[in-house]
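K.L.:
sequence first, then the predicted structure:
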There are 2 protein chains.
Amino acid sequence: MYNVIIIGSGPAGLTAAIYTARANLDPLVISGMEKGGQVTLTDDLENFPGFPDGLGGFELYQSLEKQAKKFGAEILDDVVTQVDLTGNVKVVKTATNEFKAKTVIIATGSTPRKLDVAGEKELTGKGVSYCATCDGFFFKDKHVAVIGGGNSALDEGLFLTRFAKKVTIIHRRDRLRADAILQERAFKHEKIGIVWDTVVDSIVGDDSVKHLVLRNVKTNEKIEFPVDGVFIFIGHLPNVDLFDDQIKLAPDNTIITDRRTRTNITGVFACGDVQDSIYRQAITAAGSGCQAAMEAEKLVAELQGQAYPGK
Amino acid sequence: MYNVIIIGSGPAGLTAAIYTARANLDPLVISGMEKGGQVTLTDDLENFPGFPDGLGGFELYQSLEKQAKKFGAEILDDVVTQVDLTGNVKVVKTATNEFKAKTVIIATGSTPRKLDVAGEKELTGKGVSYCATCDGFFFKDKHVAVIGGGNSALDEGLFLTRFAKKVTIIHRRDRLRADAILQERAFKHEKIGIVWDTVVDSIVGDDSVKHLVLRNVKTNEKIEFPVDGVFIFIGHLPNVDLFDDQIKLAPDNTIITDRRTRTNITGVFACGDVQDSIYRQAITAAGSGCQAAMEAEKLVAELQGQAYPGK
């Protein structure tokens, strides 16, 4: 039986692996479908502390994996299909294997909801972004579009005014869902414009975004709308399908943790974006991965000597 | 007036600087007496995620500073002598200057309490350590001493049994202060021995620790006690002298923050070891520095348009 199984291989999961491996716990990491997590979609990660010249997201993933392996983490390129976390012995299954552990660290991340339009995938990282804190800096004096009408769309739209010369919010309805105070700040802001009743039909560009094809949902009229970038804030989907019958979730589907990364089940910890509705940065994910590792270590120490069936 | 002043230049403060600078807030960092913070005392930092070959603590500090400056942070090599954080305008004074800001991020760190004996300072990083999570890994199959009798001494002593062949706890009284359950686990552990009624008179070694000079406080008898390393856990002192009349502290003198790094005063955030009684890792400090930066940015945006006296 493993001391700890870590599900997910982004900055949270691999930091948890570095710390638990270095604590001699011989962790098993199951990488999941998207090895390295969301950060690997970033070509130029400028704000991970310690890298003044920036680095690629995939490069960060490779470094983290190398560091975890160096201390003895076992990393399995497989996908978890089923878990039973409720007992003393946690059971984690993949298509062909079954593993048991004293503790489990969930680090499955979250996925920004996509528009699902032509050009979106191809231009991600080339003008299409899902994170203003990450990418706003690249759009100094540019014109950017923000897609969405909720709090995060307006929050991030307002944030983008620190860089962009113009921010156009594109919303498919004729009113916003965001809090009144955010709406008021957006309406008042000289750099912000709003296009109502409008959806994005496609994103067009080659090396970078050139324009959006917008469609008015009332008139069906289409226009080409030139922008340098497009930020899509239509929701985040925490990757919790494996757990949602066992682990308590918040209304936005993030896993509920206490300040020490503990979930509602003893021995199950969660770190990174799967439990974060606010920051969703590689560095905050890594910080919480370290916390989860140290908590798991403490629990394993407390459990020492406990009888496990089939140990 | 500054949008944000950051007090402290360890991983927490400089990560907050990277993020606030990259958000175009033009932060001022006041470095403080120990530039780079506690991490600079570490020669070989193996567990900061992203560096599979490790790096020096001072090197990390230099990288963080370079990264913060790159995005426009102003870094002042000075020491804060007085603050007034209670008003809308926060006032931060050094010996020769006075600065005003809309928000303040406190990242002053903490200092492990020292034994204050000969050899301690000289051999720090050469066998003398204040952090088992950081340095335990270097003592595989070695004999280490742990100084202290509280929860953290026993916690970390138990942690060290994952590596060391023997852990000797040296305590100046004839009973421990630690919780009964930890005492029980320590007493039962085959690798742990306890030396009672004994203090360390000096730590002896050249390139590494060779032995301790121990003195029995009842008999005054001295002995040479050979060890490969000594872990000192006699308390941590959060650096809060500047703030303790204004900011609410926990019983252990850490600054009380909510889960979003907010203190009891609006516009004042705290991150890193000064608000952390549990983890105290460079990576957790950096994660919380990012959080404080993002919270300060949000607040500055909310305050936009607010009248400031003397703006």
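P.N.:
That came through fine.
K.L.:
show me what contacts the most centrally placed residue in chain A?
P.N.:
In chain A, the residue lying closest to the centroid (CA atoms, centre = their mean) is residue A:110, at 4.1 Å. Listed by CB atoms under 8 Å, 6 or more residues apart in numbering or on different chains, the contact set of residue A:110 reads A:38, A:236, A:237, A:238, A:239, A:254, A:273, A:274, A:276, A:280. Every C-beta, even on glycine, is put in place using the N, C-alpha and C of the backbone.
K.L.:
can you get me a residue count around the fourth one?
P.N.:
It refers to residue A:238. Counted with other CB atoms under 10 Å in any protein chain shown, residues neighbouring residue A:238 total 25.
K.L.:
with residue A:158 instead?
P.N.:
Neighbours of residue A:158 using other CB under 10 Å come to 23.
K.L.:
next: residue A:231.
P.N.:
28.
K.L.:
who's it bridged to?
P.N.:
Listed beta-bridge partners, residue A:231: residue A:129, residue A:146 (assigned using DSSP bridges).
K.L.:
spell out which parts of the stretch 201-311 of chain A neighbour chain B.
P.N.:
Residues of the stretch 201-311 of chain A lying near chain B by CB under 8 Å from any CB of the partner chain: A:259-260, A:278-279, A:281, A:283-291, A:294, A:297-298, A:301-302, A:304.
K.L.:
and these, which are buried?
P.N.:
For these, a burial check counting by 16 or more other CB atoms under 10 Å in any protein chain shown picks out A:279, A:281, A:283-291, A:294, A:297-298, A:301.
K.L.:
dig out what the residue nearest to the centre of chain A forms beta bridges with.
P.N.:
Beta-bridge pairing for residue A:110 (DSSP bridges): residue A:238.
K.L.:
before we move on, the earlier item: out of the contacts of residue A:110, which are buried?
P.N.:
A:38, A:236, A:238, A:239, A:254, A:273, A:274, A:276, A:280.
K.L.:
and those residues, which two are furthest apart?
P.N.:
Maximum pairwise distance among the buried ones among the contacts of residue A:110 (CB to CB): 14.6 Å, between A:38 and A:254.
K.L.:
now, which of the contacts of residue A:110 sits nearest residue B:197?
P.N.:
Using CB to CB, these come closest to residue B:197 at residue A:276, 48.6 Å.
K.L.:
show me the contacts for the residue in chain A that chain B sits nearest to.
P.N.:
Nearest residue of chain A to chain B: residue A:287, at 2.0 Å (CB to the nearest CB). Shown in contact with residue A:287 (CB under 8 Å, 6+ apart): A:15, B:283, B:284, B:285, B:286, B:287, B:288, B:290.
K.L.:
residue ranges of the helices in chain A, please?
P.N.:
A:11-22, A:57-70, A:132-135, A:151-160, A:180-188, A:282-303 (DSSP state H).
K.L.:
neighbours of residue A:194, how many?
P.N.:
18.
K.L.:
how about residue A:214?
P.N.:
Count around residue A:214 with other CB under 10 Å applied: 19.
K.L.:
ok, it - contacts?
P.N.:
Residue A:214 touches A:170, A:195, A:198, A:199, A:200, A:201, A:222, A:223, A:224, A:225, counting by CB under 8 Å, 6+ apart.
K.L.:
what is the neighbour count of the last one?
P.N.:
Yep, that's residue A:225 we're talking about. 18.
K.L.:
okay, and the beta partners of it?
P.N.:
Here residue A:225, judged by DSSP bridges, has bridge partners residue A:212.
K.L.:
next one: the fifth one
P.N.:
Using DSSP bridges, the beta-bridge partners of residue A:200 come out as residue A:214.
K.L.:
list the contacts of it.
P.N.:
Neighbours of residue A:200 in contact, by CB under 8 Å, 6+ apart: A:115, A:117, A:147, A:170, A:212, A:213, A:214, A:215, A:230.
K.L.:
quick one, which of those residues are buried?
P.N.:
By 16+ other CB under 10 Å, the contacts of residue A:200 give A:115, A:117, A:147, A:170, A:212, A:213, A:214, A:215, A:230 as buried.
K.L.:
out of those, which comes closest to residue B:24?
P.N.:
Looking across the buried ones among the contacts of residue A:200 and measuring by CB to CB, the closest to residue B:24 is residue A:230, at 20.3 Å.
K.L.:
isn't that closest one right next to residue A:124, touching?
P.N.:
No. Contact criterion CB atoms under 8 Å: residue A:230 and residue A:124 do not qualify, at 10.1 Å.
K.L.:
any idea of the pLDDT on residue A:43?
P.N.:
Listed pLDDT for residue A:43 reads 82.
K.L.:
neighbours of it, how many?
P.N.:
14.
K.L.:
nearest residue to it other than its sequence neighbours?
P.N.:
residue A:125 (4.9 Å; CB to CB, 6 or more residues apart in numbering or on different chains).
K.L.:
list the contacts for the one you found?
P.N.:
Residue A:125 sits next to A:41, A:42, A:43 when contact means CB under 8 Å, 6+ apart.
K.L.:
and for residue A:94?
P.N.:
A:30, A:76, A:78, A:79, A:80, A:81.
K.L.:
hmm, which two among the buried ones among the contacts of residue A:200 are most spread apart?
P.N.:
Counting by CB to CB, the most remote pair of the buried ones among the contacts of residue A:200 is A:215 and A:230, 14.8 Å apart.
K.L.:
give me the mean pLDDT for stretch A:283-297.
P.N.:
Averaging pLDDT along stretch A:283-297 yields 98.
K.L.:
for stretch A:128-137, same thing?
P.N.:
93.
K.L.:
show me the contact partners of it.
P.N.:
Identification of contacts with stretch A:128-137 by CB under 8 Å, 6+ apart yields A:42, A:45-47, A:112, A:119-120, A:124, A:156-157, A:159-160, A:162-164, A:203, A:209, A:229-233, A:280-281, B:19, B:22-24, B:71, B:294.
K.L.:
out of those, which are buried?
P.N.:
A:42, A:45-47, A:112, A:119-120, A:124, A:156-157, A:159-160, A:162-164, A:203, A:209, A:229-233, A:280-281, B:19, B:22-24, B:71, B:294.
K.L.:
buried set for stretch A:135-143?
P.N.:
Buried, per 16+ other CB under 10 Å, within stretch A:135-143: A:135, A:136, A:137, A:139, A:142, A:143.
K.L.:
looking at these, which are in strands?
P.N.:
Here DSSP state E is the test, and the buried residues of stretch A:135-143 give residue A:143 as lying in strands.
K.L.:
report the two of the buried residues of stretch A:135-143 separated the most.
P.N.:
Checking those with CB to CB, the most distant pair is A:137 and A:143, at 15.6 Å.
K.L.:
and the residue lying closest to residue A:93 once chain neighbours are set aside, how many neighbours?
P.N.:
Excluding the flanking residues, the one nearest residue A:93 by CB to CB, 6+ apart is residue A:82, at 4.3 Å. Neighbour count of residue A:82, defined by other CB under 10 Å: 11.
K.L.:
for residue A:82, give its distance to residue A:76.
P.N.:
Between residue A:82 and residue A:76 the computed distance is 15 Å (CB to CB, to the nearest Å).
K.L.:
cool, thanks, talk later.
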